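[1] coordinates only, sequence not included:
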C-alpha cells in the first residue's frame, strides 16, 4: 500500500508542476469548429458569438472556428445549440502566449518528435510554441 501511495503522490506532484509550468506559457481556450453558416449571415453570427463570450472567430476553407475563454465553454455551446449549429469539433486547447522561431533543421527534428509523441497511445494531445511557417514546411519537404 505504501508504494502505491508514494506513486500516486508523485504523480499528483508531477501534474501540479506541469500545470504550473504551462500556466504562463499557454492559455487554455475553448475551440469550436463548425461548417459555414446556411441561415445566418456571418455578421449576425459574430455578434451572437461575441455575446456568448467568443474572443475570436475565424473563417477558412468552409469552416468557422470560434475561440473563447475556458469559462465561456458552456455559454458558447448553448448559443450554438440555440442557433441550430452543430459543431464538428469542440474542446479545450492550449494556445501559446509566445511563439519561438527555429531553424529548419531544428524544426524538422521537432516535427519528428511531435509525430512520435502523437503516435504514442498514452499521449492525448501535444502542444508546442514553435512558430510554424509555410517557408519552414517547404524547406523540409525539399
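    On my side now, so go ahead. Remember, predicted model here, so these are calculated numbers, not experimental data. Numbering: from 1, shown residues only.
[2] Geometric centre of this structure: which residue is closest?
    Nearest to the mean C-alpha position of the chain, by Cα atoms, centre = their mean, lies residue 93 at 2.7 Å.
[3] for the chain, what spans make up the strands?
    Remark: strands assigned in the chain by DSSP state E are 26-35, 54-60, 63-69, 89-96.
[4] Those strands: lowest mean pLDDT?
    When the strands of the chain are ranked by mean pLDDT, strand 26-35 comes last with a mean of 76.
[5] Tell me the buried residues in it?
    Neighbour-count burial for strand 26-35 flags 26, 29-32, 34 (criterion: 16 or more other Cβ atoms under 10 Å). Using the backbone N, CA and C atoms, a C-beta is placed for each residue, glycine as well.
[6] Return the closest of those residues with respect to residue 44.
    Nearest to residue 44 among the buried residues of strand 26-35: residue 34, at 14.5 Å, using Cβ to Cβ.
[7] and the residue nearest to that closest one when sequence neighbours are not counted, how many neighbours does it have?
    Take residue 34 and drop its neighbours on the chain: the residue closest to it by Cβ to Cβ, 6 or more residues apart in numbering is residue 87, 4.7 Å away. The local packing of residue 87 (other Cβ atoms under 10 Å) involves 18 other residues.
[8] Thought residue 33 was touching residue 87, still the case?
    Yes: look at residue 87 against residue 33 with Cβ atoms under 8 Å: they come within range, at 6.1 Å.
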